[in-house]
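# Predicted model and sequence below, questions to follow.
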Amino acid sequence: MKKKWMTAGAGLGIGAVLLLASGFSAMANTSGYDAYKTALKNTKAETSITTNVDLTITDNGKMLVTGAADLKVNMEQKSGSVAATIGDSTEKRSINVFRQDGKVIFKSSENDVYKVKEMNAPKWQRNGDHSNPPKVVEQVIGTLLGNIKDLATVENQANGGKHAELHLSGDQVPAVVNGVGTIVVSKIANHEINEKTPDWMTNMPKLTDNIKVEKIDMDAEISTKDILEEQTAKINISGTDKSGKKHELTITIHVDYSDFNKTVPEHIDLTGKKIEEIKNKGMKRGWRH
């Protein structure tokens, strides 16, 4: 299927972000997490923000994948845009996403069709808090991660800001984080390969046994206004492929935040463009707008 690379890339990115989020959640009830949580809350409270994400994946030290995404969100305008690329040294593919006029619009670099879908909020967002999931979700995550809270630290910087960090290795890595890591690499191992599969997916090692998250290093820079400026996560996952060869995957994610309260998301004019409306229950139709 032509878009399977996109699904796999998204799954890989989401899995890595889940690892990052679950790791920082493990700092709950510590001074390091308190500083981070306050900064995260203040960052989310901004009316608009630009987020730049860089992703790299190496296998035994060899670069396999690089990716980048620029996200712009404006809460007052109820709009947003994403421009993302993923690939290797020989081939990169991209996707653009726009949230505008109550719709979400998708466009990949593989064709000239814009997919349009009506925007529906998750049930938990239809009433009450529109920025955070139910409290019970936080409580379940906290229970699953276990008691590793004393490993998080926060340090005051000379410029008045703060540096929060969490470094885990070996048995310090919570079981739930190992679970997420196993799911991510297993999805890659089981992904269908065909003539349309990009090289970066073909070259990704298919780990089948002894999969383990060996190490997680997470750092966040917090401004003098208690707002996130940047954060980085480096995740090491080891395992063996079906031939018995050992691999160590290193996933690195770096995120920068900027243009607080002055971000204007990109907007796409669909006039004259080929679009395909995505209906609920798989119904869809296409036409020239």
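Right, received. Where do you want to start?
# Regarding the nearest residue to residue 202 once chain neighbours are set aside, what is its secondary structure?
Leaving aside its chain neighbours, residue 202 sits nearest to residue 193 (5.9 Å; criterion: Cβ to Cβ, 6 or more residues apart in numbering). (C-beta placed from N, C-alpha, C; glycine too.) Secondary structure assignment for residue 193 (DSSP: H, G, I helix; E, B strand; the rest coil): coil.
# the helices in this structure, which residues?
Assigned helices in the chain, in chain order: 4-25, 31-45, 135-145, 175-189, 199-202 (criterion: DSSP state H).
# and those, which one is worst for confidence?
The minimum mean pLDDT among the helices of the chain belongs to helix 4-25 (a mean of 46).
# quick one: low-confidence ranges for the protein?
Scanning the chain for pLDDT under 70 picks out 1-33, 121-151, 176, 188-191, 280-289.
# Apply 80 and report the result again.
Scanning the chain for pLDDT under 80 picks out the ranges 1-34, 36-37, 119-152, 174-200, 280-289.
# measure residue 91 to residue 153 for me?
Distance of residue 91 to residue 153, given as Cβ to Cβ, to the nearest Å: 41 Å.
# the more surrounded of the two?
Neighbour tally, residue 91 and residue 153, criterion other Cβ atoms under 10 Å: the higher count belongs to residue 153, 16 against 11.
# Show me what the lengthiest strand in the chain is packed against.
If you go by DSSP state E, the chain has its longest strand at strand 207-222. The criterion is 3 or more Cβ pairs under 8 Å, 6 or more residues apart in numbering; DSSP states H and E, and the helices and strands that strand 207-222 contacts are helix 4-25, helix 31-45, strand 162-169, helix 175-189, strand 228-241, strand 246-258.
# Partner strands of the third one, with direction?
Applying DSSP bridges, strand 162-169 is found paired with strand 152-156 (antiparallel), strand 207-222 (antiparallel).
# Among the ones you listed, which comes closest to residue 183?
Ranking the strands paired with strand 162-169 by their distance to residue 183 (criterion: Cβ to Cβ) puts strand 207-222 first, at 9.5 Å.
# Can you list the buried residues in the closest one?
The neighbour-count check on strand 207-222 (16 or more other Cβ atoms under 10 Å) flags 207, 208, 211, 213, 214, 215, 216, 217, 218, 220, 221, 222 as buried.
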